[in-house]
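>>> Quick one, fold the following:
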Amino acid sequence: MNIYVILKQTFDTEEKVVIQNGEILDDGVKYIINPYDEYAVEEALRLKEQHGGTVIVVSVGPDRTAEALRTALAMGADEAVLISDPSIRTDESGIAALLASYFGSQSYDLILGGYFSVDNGAGQVAVRLAQLLDIPHASAIVKLDVSGGQAVAVRDAEGDSETVEISLPALFTAQQGLNEPRYPSLPGIMKAKKKPFQQLGLNELGIDAESIVPKTERIELFNPPERKAGIILQGGLAEQAAELVRLLKTEAKVL
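As a prediction, the model looks like this:
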């Protein structure tokens, strides 16, 4: 079974986001595998342990993304592919197009990814990729069973659950609760250094920069306004109620 995982490198969730002149500063920032993509890596490894096969992790990003891919190799993935090129200036639609170009020449049974990334929360790349590859997909899965050429997935559906059966090849995105990702072991970290690691640019994929021009544009990026101090209402209950109504009308402007 050929199992692929698409992953993204994101800020550590403990990092403080600093915005300056409309850009996020990344000096000295620690990067990690997007947490939802970690669930996808773990699920791929578990499926490999059950059914055999190969787990290949793929990412689009700058050179530093190699660190996230090597972490996945240390967890147990067999191969890694980094799509990186200085001319890549794109959004989710372009990332999906780059991945589709790569997968067009691969043989795959399963493609796994995270439900969304914790940095921008878009959650578009995986489902766009499934559409471009013309394969079925199920998002936000919390359980996955594979047998033969079929997969049964339980997906989170706004607090409820939905069970779907899908023919392979197919794409699935992992929701929190699917599994508990393992930590890379010391032997795994040492073995990761010798595992195949391929880096591809636009030329190798047969794509030019004009074909992945962003379809969206970020107009402005800024921190949310600082939260104002709370107000303690004084007086009796009737006086407090009257003051609350006044504040809701004049300050909050919700009435």
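>>> Can you show me the helices along the protein?
For the chain, helices defined by DSSP state H occupy the ranges 35-51, 66-75, 92-103, 125-133, 186-192, 202-205, 237-250.
>>> Next, format those as CSV and append distance to residue 12 and mean pLDDT.
Any C-beta I mention is one placed from the backbone N, CA and C, and that applies to glycine too. Formatted as CSV, the helices of the chain follow (distance: least, CB to CB, whole Å; pLDDT from 0 to 100):
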stretch, distance to residue 12, mean pLDDT
helix 35-51, 10, 97
helix 66-75, 11, 97
helix 92-103, 21, 95
helix 125-133, 21, 96
helix 186-192, 18, 95
helix 202-205, 29, 94
helix 237-250, 39, 91
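>>> Quick one: closest of the ones you listed to residue 171.
helix 125-133 (4.3 Å; CB to CB).
>>> what's the burial count for the closest residue to residue 45 other than its chain neighbours?
Spatial nearest neighbour of residue 45, chain neighbours left out: residue 76 (4.6 Å); criterion: CB to CB, 6 or more residues apart in numbering. For residue 76, the count of nearby residues is 21 (other CB atoms under 10 Å).
>>> any idea of the pLDDT on residue 76?
With respect to pLDDT, residue 76 scores 97.
>>> Tell me how far it lies from residue 145.
Distance, residue 76 to residue 145, by CB to CB, to the nearest Å: 20 Å.
>>> hang on, the earlier thing: for the residue nearest to residue 45, which residues are in contact?
Shown in contact with residue 76 (CB atoms under 8 Å, 6 or more residues apart in numbering): 45, 48, 55, 182, 188.
>>> follow-up on the earlier one: let me have the helices of the chain in TSV, extended by distance to residue 212.
Converted to TSV, the helices of the chain look like this (distance: least, CB to CB, whole Å):
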stretch	distance to residue 212
helix 35-51	21
helix 66-75	21
helix 92-103	3
helix 125-133	12
helix 186-192	30
helix 202-205	8
helix 237-250	48
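>>> how about those, which one is nearest residue 149?
Closest of the helices of the chain to residue 149 is helix 35-51, at 11.8 Å (criterion: CB to CB).
>>> which helices and strands sit right next to the closest one?
Counting contacts by 3 or more CB pairs under 8 Å, 6 or more residues apart in numbering; DSSP states H and E, the secondary-structure elements packed against helix 35-51 are strand 2-6, strand 54-60, helix 66-75, strand 110-114, strand 137-147, strand 170-174.
>>> Pick the most buried one from those.
Highest mean neighbour count of those: strand 110-114, a mean of 28 (counted as mean count of other CB atoms under 10 Å).
>>> orientation of that strand relative to strand 137-147 in degrees?
130 degrees (axes from the mean of the first three to the mean of the last three CA atoms, to 10 degrees).
>>> and of the helices of the chain, who's closest to residue 86?
Closest approach to residue 86 among these is made by helix 202-205 (9.5 Å; CB to CB).
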